[in-house]
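Novice: Whatever this is, show me its structure:
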Amino acid sequence: MGRLFGTDGVRGVANTELTCERAMAIGRAAAAVLTEGCNHRPVFVIGADTRLSSDMLMCSVMAGLCSVGADVIRLGTVPTPAVAYLVGKYQADAGIMISASHNPAEFNGIKIFSGDGFKLPDLLEERIEAIVLDKAVELPVPTGAGVGKIRDAENACRDYIDHIKSTMTQSLSGLRIAIDSANGSASRTAEMLFTELGADVHMLADHPDGININDGCGSTHMEALAEYVREHGMDCGVAFDGDADRCLCVDEHGNLVDGDMIMSICAMDLKERDKLNHNAVVGTVMTNFGFGKFCEEYGLHFVATKVGDRFVLEEMIQEDYSFGGEQSGHVIFREYATTGDGQLTAAQLLSVIARTGKSLSELNRRMVKYPQRMENIRVNDEGKLRFYTDHAIKAAIDEAKAFLGASGRVVVRPSGTEPLIRVMAEGESEESIAQAVKLVSDAIKARLL
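Specialist: Numbering: from 1, shown residues only. Model (predicted):
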């Protein structure tokens with residue numbers, strides 16, 4: 001991870017860690033780096049989620065962009081994947097999203113997309129960091145007509161909804177679905193999108209007030225959605241996170257269908273329709289053991305990357321794969337999108353249900369999920385750095401791996417988006433993975449807290 005950027009942009013508590021001054025500086029630096037050599041007046045699109053701090057930070061970033069001569073198209077409250085799509089549709093040079101995704105309301109973040117709708121590679125992030133933190137480049141200070149201007153996009157949500165609809169060949173007529181929009185960006189788009197696709201839509205957590213985003217709702221809190229689906233006899237439930245770039249589901253019985261399970265269903269559908277390039281699916285090191293077994297059984301090639309949908313996408317582009325994603329619900333249909341898109345994922349999954357006439361629980365029987373346990377340990381930035389060189393922690397990890405042997409695995413990593421170290425164990429026995437997690441977690445707490 002860089003000094004500013006984590007695995008998914010810049011994040012921190014708004015107004016203390018991520019200040020207006022820092023946001024303005026990032027806007028100025030992003031304009032300099034992403035429009036270098038540009039022979040026209042550069043244009044950025046910018047959107048935000050529903051956090052109270054999003055307007056404040058969006059205005060700061062826009063001020064930074066305009067101060068170095070870039071024009072801005074303000075999209076308003078939109079999902080993150082809408083920014084990635086509208087960069088191209090509006091012929092902009094780059095896009096910026098103000099969001100901290102699934103994090104609580106006090107956090108916020110800045111995600112940056114290049115002109116082709118992709119998240120930035122490490123090299124460009126490092127150049128932006130060098131300008132912001134080291135003043136590596138003296139930026140222009142235009143005056144008069146050289147200062148950038150801001151205009152509002154009147155149809156941003158409509159254009160994004162129409163894009164998702166254009167990917168569909170199957171009506172969702174007859175499906176009764178519950179949608180939890182996490183009081184986030186999907187509250188502006190989901191009901192309209194899925195109603196127009198033909199579904200009978202019941203909305204939950206779709207009244208954002210600036211501080212209730214992800215608060216007991218959305219893809220990180222599936223309990224209320226599961227209960228609603230069971231009580232009201234819905235065909236399934238769909239949950240998004242705060243910026244709607246990830247999607248998790250529950251089946252008609254209220255059972256969780258996570259990102260790995262969604263990928264197993266969609267991968268088989270793509271394979272059967274001859275739309276799965278090289279018969280391959282890209283996941284991450286956190287993808288469930290059971291997904292690899294599923295791929296072996298059904299003749300699919302599974303490729304694992306580092307955690308983060310940007311790394312999944314990089315592998316997909318490099319090897320010309322068409323489909324991939326993460327257990328967290330970031331799923332990428334490369335034919336239609338340049339990043340994880342929760343509403344696109346939900347639409348594609350629901351189209352499989354409608355096309356086959358099978359329930360979500362029936363479709364989900366092919367993959368058998370291995371027991372998995374995770375503990376998140378809160379540490380400061382210094383603790384994250386010490387984690388990499390602490391020999392006692394390394395010894396505990398090695399001991400846990402040896403304890404599980406070939407029947408399981410242990411993955412320990414600092415979060416790229418939160419002040420956490422994540423300890424995950426997976427295997428055939430709930431008892432053994434609990435012991436493995438405790439062994440490693442105790443060592444981390446003893447050494448870093």
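Novice: Which positions in the longest helix anywhere in the chain come out as buried?
Specialist: If you go by DSSP state H, the chain has its longest helix at helix 430-448. The neighbour-count check on helix 430-448 (16 or more other Cβ atoms under 10 Å) flags Ser432, Ile433, Ala436, Val437, Leu439, Val440, Ser441, Ala443, Ile444, Arg447, Leu448 as buried. Every residue, glycine included, has its C-beta placed from N, CA and C.
Novice: can you check stretch 408-425 too?
Specialist: Those would be 408-425, for stretch 408-425 by 16+ other Cβ under 10 Å.
Novice: do stretch 225-236 as well
Specialist: Buried, per 16+ other Cβ under 10 Å, within stretch 225-236: Leu225, Ala226, Tyr228, Val229, Met234, Asp235, Cys236.
Novice: can you check stretch 236-247 too?
Specialist: So for stretch 236-247, counting by 16+ other Cβ under 10 Å, buried means Cys236, Gly237, Val238, Ala239, Phe240, Asp241, Gly242, Asp243, Ala244, Asp245, Arg246, Cys247.
Novice: ok, the second one touching Cys247?
Specialist: Read it as Gly237. No. Counting by Cβ atoms under 8 Å, Gly237 does not reach Cys247; the two are 10.8 Å apart.
Novice: ok, now how distant is the closest residue to Lys119 other than its chain neighbours from Leu124?
Specialist: Nearest non-adjacent residue to Lys119, counting by Cβ to Cβ, 6 or more residues apart in numbering: Arg310, 4.4 Å away. Using Cβ to Cβ, to the nearest Å, one gets 12 Å for the distance from Arg310 to Leu124.
Novice: More neighbours: which of these two?
Specialist: Using other Cβ atoms under 10 Å, the more surrounded residue of Arg310 and Leu124 is Arg310, with 24 against 18.
Novice: Isn't the more buried one up against Asp8?
Specialist: Yes. Assessed by Cβ under 8 Å, Arg310 is found in contact with Asp8 at 7.3 Å.
Novice: hey, what's in contact with both of those two?
Specialist: Shared contacts of Arg310 and Asp8 (Cβ atoms under 8 Å, 6 or more residues apart in numbering): Lys119.
Novice: hang on, the earlier thing: now the common contact residues for Gly237 and Cys247.
Specialist: With Cβ under 8 Å, 6+ apart, Gly237 and Cys247 have no common neighbours.
Novice: Could I get the buried residue list for stretch 190-210?
Specialist: In stretch 190-210, the ones that count as buried by 16+ other Cβ under 10 Å are 190-191, 193-194, 197-199, 201-206, 208.
Novice: which residues touch it?
Specialist: By Cβ under 8 Å, 6+ apart, the residues outside stretch 190-210 that reach it are 50-52, 105, 157, 161, 164-165, 168, 171-184, 186-187, 212, 217-218, 224-225, 228, 232, 234, 238, 240, 244, 343, 346-347, 350.
Novice: for stretch 7-22, same thing?
Specialist: Contacts of stretch 7-22 with the rest of the structure, by Cβ under 8 Å, 6+ apart, involve 1, 4, 26, 51, 53, 56-57, 60, 97, 100-101, 103, 106-112, 119, 132, 307-311, 415-418.
Novice: From Asp269, how far out is the residue lying farthest from the centre of the chain?
Specialist: Distance from the C-alpha centroid of the chain peaks at Gly144, with 39.5 Å (Cα atoms, centre = their mean). Using Cβ to Cβ, Gly144 is found at 56 Å from Asp269.
Novice: repeat for Ile98
Specialist: For Ile98, the distance to Asp269 - Cβ to Cβ - is 34 Å.
Novice: Kindly report the same for Asp116.
Specialist: Taken as Cβ to Cβ, the span from Asp116 to Asp269 is 27 Å.
Novice: When the two are compared, which one has more neighbours?
Specialist: Asp269 (19 against 10).
Novice: Okay, now the unreliable bits of the protein?
Specialist: 1-2 (pLDDT under 70).
Novice: follow-up on the earlier one: and which of the buried residues of helix 430-448 is nearest to Asp274?
Specialist: Ile433 (38.1 Å; Cβ to Cβ).
Novice: Can you name the residues that contact the residue nearest to that closest one when sequence neighbours are not counted?
Specialist: Spatial nearest neighbour of Ile433, chain neighbours left out: Ala425 (4.0 Å); criterion: Cβ to Cβ, 6+ apart. When contacts are counted by Cβ under 8 Å, 6+ apart, Ala425 touches 372-374, 400, 404, 408-411, 433-434, 436-437, 440.
Novice: Just the terminal-to-terminal distance for stretch 244-260.
Specialist: 17 Å (Cα to Cα, to the nearest Å).
Novice: so which helix or strand takes in Asp411?
Specialist: Not quite, residue 411 is Val, not Asp. Using DSSP states H and E, Val411 maps to strand 408-414.
Novice: Strand partners (parallel or antiparallel) of that strand?
Specialist: strand 420-427 (antiparallel) (DSSP bridges).
Novice: before we move on, the earlier item: so which of the buried residues of stretch 190-210 are in helices?
Specialist: Short answer: the buried residues of stretch 190-210 in helices (DSSP H) are Ala190, Glu191, Leu193, Phe194.
Novice: Out of those, which is nearest to Ala82?
Specialist: Leu193 (11.1 Å).
Novice: For Ile353, what are phi and psi?
Specialist: Backbone torsions for Ile353, taken as degrees, to the nearest 10, come to phi -60, psi -50.
Novice: Would you check how far apart the closest residue to it other than its chain neighbours and Val307 are?
Specialist: Nearest residue to Ile353, sequence neighbours excluded (Cβ to Cβ, 6+ apart): Leu360, at 6.0 Å. Using Cβ to Cβ, Leu360 is found at 26 Å from Val307.
Novice: Same check on Leu349?
Specialist: Taken as Cβ to Cβ, the span from Leu349 to Val307 is 22 Å.
Novice: so where do the strands sit in the stretch 51-200 of the chain?
Specialist: Along the stretch 51-200 of the chain, the segments classed as strands by DSSP state E, counting those that start in this stretch run 71-77, 94-98, 107-114, 150-152, 176-180, 200-204.
Novice: now swap in the stretch 301-449 of the chain and tell me
Specialist: Counting by DSSP E, counting those that start in this stretch, one finds strands in the stretch 301-449 of the chain at the ranges 301-305, 323-325, 331-333, 372-378, 408-414, 420-427.
Novice: Partner strands of the first one and their direction?
Specialist: Take DSSP bridges as the rule and strand 301-305 pairs in its sheet with strand 280-284 (parallel).
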